[in-house]
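> How does the following fold in three dimensions:
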Amino acid sequence: MDLSVRDRTLLTSIAVLLLVFLAFQVAVYVVEALRQVADVLLIFLVAWALAYVLVPIVDLLERRTPLRRLGSVTVVYLAILIVLGVVLAFGVPALALQLAAVAQRGPEYGQRAAAFVTDLQDQLNGAGFKVDLTPFYGTIPGRLAEITGSLATNALGVITTTGTILLDVTVVLIVAFFMLLDGEKLWQRFISVLSEELRSEAELFRLSADRSFGGFLRASLMLGTLYAVMTFLVLGPLGVPFAGLLAVLSGVVLIIPFFGPTISLIPVAATTALGAPDRFLVALVALIVLQQIVINVIGPRLMSGAIGIHPLFVFFALLLGAQLAGFWGVLLAVPVAGMVNTFVHYAYQVWRGRRVRTEAHLIHG
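Now for the predicted structure:
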């Protein structure tokens with residue numbers, strides 16, 4: 001049957017729309033299936049990230065000591081167990097006490113915040129600025145008490161489920177153990193069945209992931225830990241309330257790319273202003289200086305070569321990651337953008353004839 005050009009165009013359009021519809025239906029089913037196994041996938045993802053963090057230490061022990069792979073992994077795990085034991089014995093109880101204190105003193109801090117805004121209102125009126133802050137400070141006590149109470153209650157709820165957390169941590173450690181032990185062998189076995197072109201591109205993927213994810217995760221954890229320790233050393237001697245809790249929170253928030261450093265200062269500044277106002281300026285200046293050292297001096301050395309993309313694209317990746325996956329999207333946006341940048345660069349070289357597909361892995365050589 002002969003069809004006119006118009007009929008062919010119509011049939012083609014219908015076929016494309018059907019394919020798009022089917023693709024969306026398949027995507028919905030895939031997403032739903034992933035939700036069903038999200039907990040399992042998360043465990044493997046965390047184990048994979050942990051393995052990436054530990055690989056350089058294990059490799060170093062294997063090269064510099066008589067230990068083989070199994071012995072090196074075992075030594076690293078013994079060190080992890082010692083650290084976890086110390087944290088469980090001393091860190092968790094201390095944080096629990098500070099969280100309980102936050103819940104208890106939340107209303108008091110709300111009253112102080114309201115008094116502070118009232119004084120600011122009087123100063124503005126005295127200076128001739130007619131600004132009505134009454135709607136704002138009238139709701140501060142209740143809102144602050146509600147926020148602190150909710151935060152502390154949720155955090156304490158997490159601590160009370162330590163058994164579940166420890167079970168998940170144990171599973172993660174076991175999975176990461178086997179990844180560290182046999183990950184390279186499994187990878188080589190996987191790529192051995194691929195064609196030469198795909199094998200080279202798979203190796204590029206692995207090298208890119210190691211640089212982007214591994215480098216980013218290791219550097220972020222080191223920066224977050226260093227900043228948390230230094231924050232505690234600044235706030236503790238100054239007598240700022242909840243110094244330990246604020247230090248841990250600041251270290252965790254700092255690893256969020258782009259926005260983390262600014263956000264990490266907010267709870268510290270608010271708590272210091274309400275709990276130790278006479279030391280507010282000293283604490284704020286000290287933490288800003290500390291951030292500049294950690295981010296601009298130490299950070300670039302640790303992150304050297306980990307990402308390699310323009311800050312504008314980093315910002316775009318962060319916004320896109322936040323829209324797609326919330327907090328985890330923000331956290332993983334930068335290393336994912338680094339991998340995408342690598343493959344875009346590779347595809348451009350292949351398209352321009354500057355590199356053949358069997359040379360993909362040489363980009364990271």
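> what about Val344, distance to Trp351?
As judged by Cβ to Cβ, to the nearest Å, Val344 and Trp351 stand 10 Å apart. Where C-beta positions appear, they are placed from N, C-alpha and C, glycine not excepted.
> actually Ala273, not the one I wrote
Ala273 is 56 Å from Trp351, by Cβ to Cβ.
> More neighbours: which of the two?
Ala273 (18 against 9; other Cβ atoms under 10 Å).
> Please determine how far the more buried one is located from Phe280.
Relative to Phe280, Ala273 is positioned 5 Å away (Cβ to Cβ).
> try Glu197
61 Å.
> can you check Val234 too?
Distance of Val234 to Phe280, given as Cβ to Cβ: 13 Å.
> how about Phe313, what does it touch?
Contacts of Phe313 were listed using Cβ atoms under 8 Å, 6 or more residues apart in numbering, and they are Ala337, Asn341.
> rerun that using 10 Å as the cut-off
Applying Cβ atoms under 10 Å, 6 or more residues apart in numbering to Phe313 gives the contacts Ile307, Val334, Ala337, Gly338, Val340, Asn341.
> pretty sure the last one contacts Ala317?
To tie it back to what came earlier, the one meant is Asn341. Yes. Counting by Cβ atoms under 10 Å, Ala317 is a contact partner of Asn341 at 9.4 Å.
> quick one: common contacting residues for Val234 and Phe280?
Counting by Cβ under 10 Å, 6+ apart, the shared contacts of Val234 and Phe280 are Val240, Val268.
> which stretches of the stretch 51-200 of the chain form helices?
Taking DSSP state H, counting those that start in this stretch, the helices of the stretch 51-200 of the chain run over residues 69-86, 92-126, 134-137, 140-160, 162-191, 196-209.
> what pLDDT, on average, does the fourth one get?
When the per-residue pLDDT values of helix 140-160 are averaged, the result is 53.
> now stretch 202-222
If you average the pLDDT over stretch 202-222, you get 79.
> Can you point out the buried residues in it?
202-205, 207-209, 211-220, 222 (16 or more other Cβ atoms under 10 Å).
> for stretch 262-282, same thing?
So for stretch 262-282, counting by 16+ other Cβ under 10 Å, buried means Ser264, Leu265, Pro267, Val268, Thr271, Thr272, Ala273, Leu274, Gly275, Ala276, Arg279, Phe280.
> coming back round to it: among the contacts of Phe313, name the buried ones.
Ile307, Val334, Ala337, Gly338, Asn341.
> Mind putting those into TSV with secondary structure, distance to Lys185 and pLDDT?
Output for these, formatted as TSV (DSSP: H, G, I helix; E, B strand; the rest coil; distance: Cβ to Cβ, whole Å; pLDDT from 0 to 100):
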residue	secondary structure	distance to Lys185	pLDDT
Ile307	coil	29	60
Val334	helix	30	76
Ala337	helix	30	79
Gly338	helix	26	78
Asn341	helix	30	80
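> Greatest separation within these: which pair is it?
Val334 and Asn341 (10.4 Å; Cβ to Cβ).
> just curious, which of the buried residues of stretch 262-282 is nearest to Thr12?
Ser264 (54.6 Å).
> what's downstream of the helix or strand hosting the closest one, the next helix or strand?
When elements are assigned from DSSP states H and E, Ser264 belongs to helix 260-275. Tracing the chain past helix 260-275, the next element assigned as helix or strand by DSSP H and E is helix 280-293.
> now what about that following helix, what contacts it?
Identification of contacts with helix 280-293 by Cβ under 10 Å, 6+ apart yields 226-227, 230-231, 233-235, 238-240, 243, 246, 250, 254, 260-262, 264-265, 268-274, 276, 279, 299.
> next one: stretch 56-66
For stretch 56-66, the surrounding residues in contact (Cβ under 10 Å, 6+ apart) are 51, 67-77, 79, 180-181, 184, 210, 214-215, 218.
> Without its sequence neighbours, what residue ends up closest to Ala333?
Once flanking residues are discounted, Ala333 sits nearest to Gly321: 3.1 Å by Cβ to Cβ, 6 or more residues apart in numbering.
> ok so, going back, can I have the buried ones of the contacts of stretch 56-66 as a PyMOL selection?
Buried subset of the contacts of stretch 56-66, written as a PyMOL selection, criterion 16+ other Cβ under 10 Å:
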select buried, resi 51+69+72+73+74+76+77+180+181+214+215+218
